[in-house]
Every structure is written in C-alpha cells, then in structure tokens.
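**Q** here are the coordinates; sequence isn't available:
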C-alpha cells in the first residue's frame, strides 16, 4: 500500500484501527516465530517456558483477530469491501492450495507443513488489499 493511494481510502479512525491491528499482528507473529524456532530447534524443552510462549502466541493471535474484527466493523463501506474481497481471495487461494496439494501428496509429492499454505494465504490477502486499493483509490485512472 502506498501512502498516496491508501490515505484516500482510510479515514482517521480507520487508520488508527488498522495501526492497532497491525501492532497486535506484529506482536503475534514475533511470538509465534520465536516459539516455533525455540521449540522446533530444541533450544528450549517442552516445559513451562515452551507452554508459556505457546499460550502467549495463541492469546496474541486471538487479540489480533478481535482487533481486525473491530477494524472491519468500524470501517466505511469501501474499505470493508476491499478487505472482504481480499479475504475472499486469500480463503479461495488457501482452499485450492491445501486441497490441491493434498492430492499431490497422495500422488507422491513431499508433505508440506500447515504453515506453508497459511503463508500463501497471507500473501494473497496482502495482494488482494493492494489490488482493491489501486482499483478504488483511482490509481488505475490516474495512470491511464
């Protein structure tokens, strides 16, 4: 998202709510990444610290979902449309990837981790937002 195009889409309240969401999302991603590395690389045991990091990650992810829900609920119609279209693209991408690749695994392709399709879905969600902002902020018209 460029500042020029996104500033015409976000009201001050929308911008604030989106910053709150991205703050929680960043914290959740950092906690999840830290827990994943420390636990999978056996840098910490499966004791209290590992469970604490796991619980912290889950709580931060839940708060992130709530913050995004608040953002969507309070967003104006155009911004909500952009984000719901982006979510639909991400969900559809995830369904095709997980179901399609599951069949490929049954044909002998290597197994993938659950996080791989989730990362693709997050990327599709971001691309969907970028497309929507370009479409509705008048960027396409300005370049014509």
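**A** In hand now; what should we look at? A quick note: this is a predicted structure, and the numbers were derived from the prediction, not measured. Residues are numbered from 1 along each chain as shown.

**Q** identify the residues contacting the residue nearest the centre of the chain.
**A** In the chain, the residue lying closest to the centroid (C-alpha atoms, centre = their mean) is residue 122, at 4.3 Å. Contacts for residue 122 (C-beta atoms under 8 Å, 6 or more residues apart in numbering) come out as residue 90. Backbone N, C-alpha and C define where each C-beta goes, glycine included.

**Q** what are the buried residues along the helix or strand where it lies?
**A** Taking DSSP states H and E as the definition, residue 122 sits inside helix 115-136. Neighbour-count burial for helix 115-136, with 16 or more other C-beta atoms under 10 Å as criterion, is recorded at 117, 120, 121, 124, 125, 128, 129, 130, 132, 133, 134, 136.

**Q** gap between the nearest residue to the last one once chain neighbours are set aside and residue 10?
**A** Counting by C-beta to C-beta, 6 or more residues apart in numbering, residue 136 lies nearest to residue 78, which is 5.8 Å off, once chain neighbours are set aside. Distance, residue 78 to residue 10, by C-beta to C-beta, to the nearest Å: 10 Å.

**Q** what count of nearby residues applies to residue 60?
**A** A count of nearby residues for residue 60, using other C-beta atoms under 10 Å, gives 19.

**Q** got it, and residue 34?
**A** Residue 34: 14 surrounding residues under other C-beta under 10 Å.

**Q** what does residue 89 give?
**A** 19.

**Q** now it, nearest residue through space, not along the chain?
**A** residue 128 (3.9 Å).

**Q** mind listing what that neighbour touches?
**A** Residue 128 neighbours (C-beta under 8 Å, 6+ apart): 85, 86, 87, 88, 89, 90.

**Q** perfect, I'm done here.
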